[in-house]
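[1] Okay, sequence plus prediction incoming.
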Amino acid sequence: MPLHARPVTPNDYAAWRPLWDGYNAFYGRHGETGLAEPVTQTTWQRFLDPHEPMFALVAEEQGQVVGLAHCVLHASMTRIEPVCYLSDLFTLESQRGRGIGRLLVEAVYEEARSAGASRVYWQTHESNAAGRLLYDKVAKHLGFIVYTKEL
């Protein structure tokens, strides 16, 4: 089967998990700084729960999962329709440069439209040069800077 994107299913966990771990490692969350196992398990269960306002997609080629995208749908103070936050986007390192990221972003756009969302947005680290090359082609950077405070 050619490269395509689709929603995750319960049977995808074993293929999804190495991508999830790779994504977290990319952002420095591994070993002692890694996510606690209950966080990963809860996240996975949320993707499968139709009452949760989130969804997960995978890119698949010939039965192999090669990328993931995770999103949260939420209300907005500036729109009536919900908006979609693309929280995580990751492809296997060996598969980068093949259009998988673009395929997943386009699939997120379609899924968000289907859910009634009027906008998709995301953030990335300034050092993610490869990701930013793609993002500059598929979306508009508005110049916002993110602040955060752990509670």
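    Thanks, I have the structure now.
[2] residues of the helix or strand containing Asp136 that come out buried?
    Counting by DSSP states H and E, the element that carries Asp136 is helix 129-138. By neighbour count on 16 or more other Cβ atoms under 10 Å, the buried set for helix 129-138 is Gly131, Leu134, Tyr135. Quick note: C-beta positions are derived from backbone N, CA and C, even for glycine.
[3] Adding pLDDT and distance to Ala107, write those residues out as a markdown table.
    Formatted as a markdown table, those follow (pLDDT from 0 to 100; distance: Cβ to Cβ, whole Å):
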| residue | pLDDT | distance to Ala107 |
| --- | --- | --- |
| Gly131 | 91 | 16 |
| Leu134 | 93 | 14 |
| Tyr135 | 94 | 15 |
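[4] Any chance you could list what contacts the helix or strand of the chain with the lowest mean pLDDT?
    Every helix and strand in the chain was compared by mean pLDDT, DSSP states H and E; the lowest is helix 129-138, with a mean of 92. Helix 129-138 is contacted from outside by Leu89, Arg96, Gly101, Arg102, Val105, Glu106, Trp122, Thr124, His141, using Cβ atoms under 8 Å, 6 or more residues apart in numbering.
[5] Now do the SS call for the fourth one.
    For Arg102, the reduced secondary structure class is helix; criterion used: DSSP: H, G, I helix; E, B strand; the rest coil.
[6] mind listing what it touches?
    Leu134, Lys137, Val138.
[7] Check the last one too.
    The contact partners of His141, by Cβ under 8 Å, 6+ apart, come to Tyr135.
[8] Reduced to three states, what does it come out as?
    Assignment for His141 (three-state DSSP): coil.
[9] quick one: pLDDT of the nearest residue to Val66 once chain neighbours are set aside?
    Closest residue to Val66 apart from its sequence neighbours, by Cβ to Cβ, 6 or more residues apart in numbering: Gln95 at 4.6 Å. Each residue has a pLDDT score; the one for Gln95 is 90.
[10] What about Gln95, how many residues nearby?
    Other residues near Gln95 come to 16 when the count uses other Cβ atoms under 10 Å.
[11] got it, and Val72?
    If you count neighbours by other Cβ under 10 Å, Val72 ends up with 15.
[12] these two touch, right, it and Ala56?
    No - between Val72 and Ala56 there is no contact under Cβ atoms under 8 Å: 10.5 Å.
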